[in-house]
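Novice: below are the sequence and a predicted model for it; my questions follow.
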Amino acid sequence: MTDAHAGPFIAAIDQGTTSSRCIVFDRDGRIVSVDQKEHEQIFPKPGWVEHDANEIWTNVQEVVAGAVSKAGITRDDIKAIGITNQRETTVLWDKNTGRPVHNAIVWQDTRTDALCRELGRNVGQDRFRRETGLPLASYFAGPKARWLLDNVEGLKERAEAGDILFGTMDTWVIWNLTGGVDGGKHVTDVTNASRTMLMNLHTMEWDDKICESIGVPMEILPEIRSSAEVYGEITGGKLGDLLGGIPVASALGDQQAALFGQTCFSEGETKSTYGTGTFMVMNTGDKIINSYAGLLTTVGYKIGEQPTVYALEGSIAVTGSLVQWMRDQMGLISTAAEIETLALSVEDNGGAYFVPAFSGLFAPHWRSDARGVIAGLTRYVTKAHLARAVLEATAWQTREIADAMTKDSGVELATLKVDGGMTANNLLMQTLSDVLDAPVVRPMVAETTCLGAAYAAGLAVGFWNSTDDLRANWRRAAEWTPRMDAETRDREYKSWLKAVDRTMGWIAEED
Ligand SMILES: Nc1ncnc2c1ncn2[C@@H]1O[C@H](COP(=O)(O)OP(=O)(O)O)[C@@H](O)[C@H]1O
Ligand SMILES: O=P(O)(O)OC[C@H](O)CO
């Protein structure tokens, strides 16, 4: 910490898909210190992705201790800690021992495809969409919990006996932070609950009929709370000695936290986060907008007793992970940043379009039978053209989501606020502005996910007074404006959509 950062501070934990990190922020929303640790990605079968929840809890404790030590501060300097997390990833554990009954099933995992198809046939797609805002897809947590109950021996009986707790990663981390087996709080917030497919968006409570049809007993579910309130105090684990007594005061799914950190507090304001996947979220105020264009209706945030703010979301499963695939599986680049240099060595994509439907297609298509395609190949195409096609894939997927948002909300995208690791790529950001025909802006603090969790925790304990205080902290670092002519944009978009069409139906139901 330098003298430029005067205390007190707020800390935030981001329990993400590939790593856990903790960041300490000052009152101006500036970063004081960061600590981060990756965890293992476990792939037991094609399409299956798991995490070890114990490893995650160990890492969370280490990064919190690490960030506090790097900041050179103590318990008394920290007014609250907030949590943000990878959403939908599901863990079940024994409340008497604190031991997970199985690895956590990660949001990208497709093992519940068949179960979702069966639910569609027996209960109908519409009912789930109407009550929970979500299409039936393996992405969401409820069916993952049902899979665990069906496949871990004796688990149903233990759940019936009241020994088992369900949680997404917010719930798991808060339970452990606040005492674990010694009285940890079994809670979740409205944003995380809205991704389980078990919460009714209209009542903001677990929906007993939906829970019954998916086959998840309500006794295992956590209490649903707002996103910004004190759930308990740090007492648990190694952190109890170091930071005991600090209020645990926010929880938001990571994409909702980024919406909050980008200060998208007004209806129509939209952000898009470019990491492993990409998630565009639009604040829709007090309106629950049913999507007819393939988006998710979800909860944006709820601050304490204030009314719920809803959102529309377009989720894209594969964006930054396609760059990783070019690096790790294809060996065409040696670092993620190199994709930009390679792509800049040619003028255009040479006629190639790359649709990375590696886990089917998420929004706006929701097609689990789709698989990846590179279309338009001729002998002319080089690896540099492919690098262009990889970056353009992220831009065009965003354009499809932006179109769906306009259809559903009637609001034209005025400006897109962006964040996440891929926004370091200038060519990608320019291409994005070109294909959206809208300005793209990036804030000074690119760690908007942690910042959003810190803001919510700070509001809960009166560290900040209102969202107006937070807006004042947002500062523009970079802006890209459209340069592409309309004719080129329309022609390229048509080619992209033709390539998307080629991905559909690759997996037959019997596969
Ligand atoms: N310069 C770059 N150009 C393109 N992609 C990049 C670049 N730098 C990082 N990435 C991609 O961004 C992702 C990491 O971003 P990050 O926001 O840390 O993701 P997450 O929070 O999902 O782990 C990786 O998938 C990586 O391939
Ligand atoms: O951890 P991230 O940044 O990959 O985000 C994952 C999303 O929350 C999945 O819905």
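Specialist: Here it is on my side, so go on. Ligands and ions are numbered 1, 2, ... in the order given.

Novice: for the residue in the stretch 351-500 of the chain positioned nearest to ligand 1, which non-adjacent residue is spatially closest?
Specialist: Across the stretch 351-500 of the chain, the shortest distance to ligand 1 (Cβ to the nearest ligand atom) belongs to residue 421, at 2.1 Å. For every residue, glycine as well, the C-beta is placed using N, CA and C. Using Cβ to Cβ, 6 or more residues apart in numbering and skipping residues adjacent in sequence, the residue nearest residue 421 is residue 275, 5.5 Å away.

Novice: do the same with residue 165
Specialist: What sits nearest to residue 165 in space, not counting adjacent residues and going by Cβ to Cβ, 6+ apart, is residue 95, at 4.9 Å.

Novice: what is the burial count for that neighbour?
Specialist: 17 (other Cβ atoms under 10 Å).

Novice: ramachandran angles for it?
Specialist: When read as degrees, to the nearest 10, the backbone of residue 95 gives phi -70, psi -20.

Novice: what sits against it?
Specialist: For residue 95, the residues meeting the contact criterion (Cβ atoms under 8 Å, 6 or more residues apart in numbering) are 163-165, 181, 186.

Novice: next: residue 52.
Specialist: Residues counted as contacts of residue 52 (Cβ under 8 Å, 6+ apart) are 39-40, 42, 100, 103-104.

Novice: got these as CSV, with neighbour count, pLDDT and secondary structure columns?
Specialist: Supplementary listing: the contacts of residue 52 in CSV, determined by neighbours: other Cβ atoms under 10 Å; pLDDT from 0 to 100; DSSP: H, G, I helix; E, B strand; the rest coil:
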residue, neighbour count, pLDDT, secondary structure
39, 19, 93, coil
40, 12, 92, coil
42, 14, 91, strand
100, 21, 97, strand
103, 19, 98, coil
104, 28, 98, strand
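
Novice: out of those, who's nearest residue 409?
Specialist: residue 104 (33.5 Å; Cβ to Cβ).

Novice: wait, what's in contact with the residue nearest to residue 421?
Specialist: Applying Cβ under 8 Å, 6+ apart, one finds that residue 275 lies in contact with 16-17, 319-320, 420-422.

Novice: ligand 1 contacts on the stretch 251-400 of the chain?
Specialist: The interface of the stretch 251-400 of the chain toward ligand 1, taken as Cβ under 6 Å from any ligand atom, is made up of 275-276, 320-321, 323-324, 336-337, 339-340.

Novice: check these one by one and keep those near ligand 2.
Specialist: Within those, those near ligand 2 by Cβ under 6 Å from any ligand atom are 275-276.

Novice: any idea what residue 93 is bridged to?
Specialist: When bridges are assigned using DSSP bridges, the partners listed for residue 93 are residue 100, residue 165.

Novice: that one is in contact with residue 104, isn't it?
Specialist: No: counting by Cβ atoms under 8 Å, residue 93 does not reach residue 104; the two are 9.6 Å apart.

Novice: joint contacts of these two?
Specialist: When Cβ under 8 Å, 6+ apart defines a contact, the residues bordering residue 93 and residue 104 alike are 53, 172.

Novice: where in the chain is pLDDT low?
Specialist: Low-confidence regions of the chain, defined by pLDDT under 70, span residues 1-4, 236-237, 509-511.

Novice: ligand 2 contacts on that one?
Specialist: With the criterion set to Cβ under 6 Å from any ligand atom, the chain comes near ligand 2 through 16-17, 86-88, 107, 253-255, 275-277.

Novice: between those residues, which has the most around it?
Specialist: By neighbour count, taken as other Cβ under 10 Å, the most surrounded of these turns out to be residue 253 (34 neighbours).

Novice: need the contact list for that residue.
Specialist: Taking Cβ under 8 Å, 6+ apart, we find residue 253 in contact with 84-85, 87, 168, 170, 191-192, 194-195.

Novice: out of these, which touch ligand 1?
Specialist: Residues shared between the contacts of residue 253 and the neighbourhood of ligand 1: none [Cβ under 6 Å from any ligand atom].

Novice: returning to what we had before: same list (the contacts of residue 275) but as TSV, adding secondary structure.
Specialist: As requested, these are exported to TSV (DSSP: H, G, I helix; E, B strand; the rest coil):
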residue	secondary structure
16	coil
17	coil
319	coil
320	helix
420	coil
421	helix
422	helix
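
Novice: show me which of these is closest to residue 311.
Specialist: The shortest separation between residue 311 and any of these is 17.3 Å, and it belongs to residue 420 (by Cβ to Cβ).

Novice: before we move on, the earlier item: just the ones of the contacts of residue 253 in helices?
Specialist: 170, 191-192 (DSSP state H).

Novice: tell me the one among those residues nearest to ligand 1.
Specialist: Nearest to ligand 1 out of those is residue 170 (Cβ to the nearest ligand atom; 15.9 Å).

Novice: okay, now the closest one: neighbour count?
Specialist: Residue 170 is surrounded by 30 other residues when neighbours are defined as other Cβ under 10 Å.

Novice: residue contacts, it?
Specialist: For residue 170, the contacting residues are 15, 83-85, 188-189, 192, 251-253, taking Cβ under 8 Å, 6+ apart as the criterion.

Novice: most neighbours of all these, which one?
Specialist: When neighbours are taken as other Cβ under 10 Å, the top entry among the contacts of residue 170 is residue 84 (38 neighbours).

Novice: quick check: that residue touching residue 449?
Specialist: Yes: in this structure, residue 84 sits in contact with residue 449. The criterion is Cβ under 8 Å, and the distance is 5.3 Å.

Novice: measure the closest residue to residue 39 other than its chain neighbours to ligand 1 for me?
Specialist: Excluding the flanking residues, the one nearest residue 39 by Cβ to Cβ, 6+ apart is residue 55, at 5.1 Å. Note on residue 55: its distance to ligand 1, by Cβ to the nearest ligand atom, to the nearest Å, is 16 Å.

Novice: in PyMOL, select just the buried ones from the contacts of residue 95.
Specialist: In PyMOL, the members of these classed as buried (16 or more other Cβ atoms under 10 Å) are selected with the following command:
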select buried, resi 163+164+165+186
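
Novice: ok, residue 364 - contacts?
Specialist: Under the criterion of Cβ under 8 Å, 6+ apart, the contact list for residue 364 reads 293-295, 314, 400-401, 404.

Novice: packing partners of the longest helix belonging to the chain?
Specialist: Ordering each helix of the chain by length in residues (DSSP H) puts helix 383-409 first. Applying 3 or more Cβ pairs under 8 Å, 6 or more residues apart in numbering; DSSP states H and E, one finds that helix 383-409 contacts strand 270-274, strand 278-285, strand 309-316, helix 320-328, helix 338-344, strand 353-355, helix 426-436, helix 486-503.

Novice: and the fifth one, what does it pack onto?
Specialist: In this structure, helix 338-344 makes packing contacts with helix 320-328, helix 383-409, helix 426-436, judged by 3+ Cβ pairs under 8 Å, 6+ apart.
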